[in-house]
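A.B. asks: Fold the following and give me the result.
(chains A and B)
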Number of protein chains: 2
Amino acid sequence: MKFSSSCLDTDTKGDEMASQPQHTTFLERNAQYVASFGDKGSLALPPARKLAIVTCMDARLDPEAHLGLKEGDAHIIRNAGGVAKEALRSLILSQRLLGTREIAVFHHTDCGMLTFTAPDVQAIIKDAAPGNAEIAARVEAIDWLDFKDLEKAVKDDVAYLKSEPLILEGTPVTGWVYDVGTGKITQVA
Amino acid sequence: MKFSSSCLDTDTKGDEMASQPQHTTFLERNAQYVASFGDKGSLALPPARKLAIVTCMDARLDPEAHLGLKEGDAHIIRNAGGVAKEALRSLILSQRLLGTREIAVFHHTDCGMLTFTAPDVQAIIKDAAPGNAEIAARVEAIDWLDFKDLEKAVKDDVAYLKSEPLILEGTPVTGWVYDVGTGKITQVA
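C.D. replies: Below you'll find the model as predicted:
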């Protein structure tokens, strides 16, 4: 496991809450957005660019910003790793009900998914609840979708979507790596 | 089904690709972001606000913008509907490996998920591939996670996360509706 010890310390303690919950500031923060909302209330439900993006939940990624997309342009699906398999339901609905016709998969450097294996995360959770058979069973039932090689994972996800019968045939699917150190994207598939 | 006929026409035709794929413009768009990247390359992997957001893939939502979040602040998990159940793997990894300690679930007005039922989408896909038994079987195997009542769906998702044994006990979980007509958020759970 490649986590720094300080990061793991935070993880395994598991009980340190932020002093004040973040949600208490949401309304105040949102008021600034509302004040400059402009005519965005007239945007259509189907994405204008007929584009669906699959990318990671990582906090350092702002896909709208790093791709210069604005509200109304594209569906953005995010999960731990930017894993295409878990995005399948969303992608099908995006295509069949809302007319998107192109998919781009983004993973990124320094991804948390590269730092653990399924047995690692299973051990962390089980060790935090010793003897709890329900938790042990639930943990073992989850497919953690971990991957070891960044570029290979992107290429595998693109190949998976191109061969998935529920994705519309002929859909352009591209694969990219986002560099968290520079903000640059590189096409790898 | 509440889709407008024009929207459904686009959907069921299913073969109209954008004249030029959007990905051909990604590098140019990204160059502008890179030029103003500043010191974001030094951001840490764990989210600074120890916050995880679950929200919809809808193109009209820019969660970073409407919550005033910046790169490095929060994990953002997005899928069709902002469904908590499908976000579980990501939320567990967010908490156990990367130290987040608060969850906020956002759904939104005019959500595509409110416009169909599982049989609707199954019929659309099966009708587009008549007699294809493989597609029919795959379509029926998917849990489409459709919902009928916006506020109830948010409340149900919050209750689900609060009772899920793999989410850390005592995690503050709040539920919100984003109004696509005004940009305003309202807390409902």
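A.B. asks: Just give the nearest non-adjacent residue to A:T174, would you?
C.D. replies: B:H23 (4.6 Å; Cβ to Cβ, 6 or more residues apart in numbering or on different chains). The way it works is simple: take the backbone N, C-alpha and C, and place the C-beta from them, glycine included.
A.B. asks: Double-check that that neighbour belongs to a strand.
C.D. replies: No - applying DSSP: H, G, I helix; E, B strand; the rest coil, one finds B:H23 to be helix, outside a strand.
A.B. asks: Per-residue pLDDT of it, please?
C.D. replies: For B:H23, the pLDDT comes out at 97.
A.B. asks: That one: neighbouring residues, count only.
C.D. replies: A count of nearby residues for B:H23, using other Cβ atoms under 10 Å in any protein chain shown, gives 19.
A.B. asks: ok now do it, which residues does it touch?
C.D. replies: A:102, A:104, A:172, A:174, A:187 (Cβ atoms under 8 Å, 6 or more residues apart in numbering or on different chains).
A.B. asks: How about A:Q22, nearest residue that isn't a chain neighbour?
C.D. replies: Closest to A:Q22 by Cβ to Cβ, 6+ apart is B:L51, at 4.6 Å.
A.B. asks: Now for the one you found: which residues touch it?
C.D. replies: A:18, A:22, B:73-75, B:100, B:102-104.
A.B. asks: Go again with 10 Å.
C.D. replies: Each residue near B:L51 by Cβ atoms under 10 Å, 6 or more residues apart in numbering or on different chains is listed here: A:18, A:21-23, A:26, A:59, B:67, B:69, B:73-76, B:94, B:100-104, B:172.
A.B. asks: From the residues you listed, keep the buried residues only.
C.D. replies: A:21-23, A:26, A:59, B:67, B:69, B:73-76, B:94, B:100-104, B:172 (16 or more other Cβ atoms under 10 Å in any protein chain shown).
A.B. asks: my guess is A:S90 contacts B:A87, does it?
C.D. replies: No - the pair formed by A:S90 and B:A87 falls short of the contact definition of Cβ atoms under 10 Å, at 11.2 Å.
A.B. asks: Give the intersection of the neighbour lists for these two.
C.D. replies: Counting by Cβ under 10 Å, 6+ apart, the residues touching both A:S90 and B:A87 are A:78-79, B:78-79.
A.B. asks: Can you tell me which of those is nearest A:I167?
C.D. replies: Lowest distance from A:I167 to the shared contacts of A:S90 and B:A87 (Cβ to Cβ) belongs to B:N79, with 16.0 Å.
A.B. asks: Could you measure from that closest one over to A:L91?
C.D. replies: 10 Å (Cβ to Cβ, to the nearest Å).
A.B. asks: what's the overlap in contacts for the two?
C.D. replies: Common neighbours of B:N79 and A:L91 (Cβ under 10 Å, 6+ apart) are A:75, A:77, B:57.
A.B. asks: quick one: low-confidence parts of chain A?
C.D. replies: Applying pLDDT under 70 to chain A flags residues A:1-19.
A.B. asks: quick one on the thing from earlier: would you mind giving the shared contacts of A:S90 and B:A87 as CSV with secondary structure and neighbour count added?
C.D. replies: Output for the shared contacts of A:S90 and B:A87, formatted as CSV (DSSP: H, G, I helix; E, B strand; the rest coil; neighbours: other Cβ atoms under 10 Å in any protein chain shown):
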residue, secondary structure, neighbour count
A:R78, strand, 29
A:N79, strand, 28
B:R78, strand, 29
B:N79, strand, 28
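A.B. asks: Out of the residues you listed, which is nearest to A:V158?
C.D. replies: A:N79 (16.3 Å).
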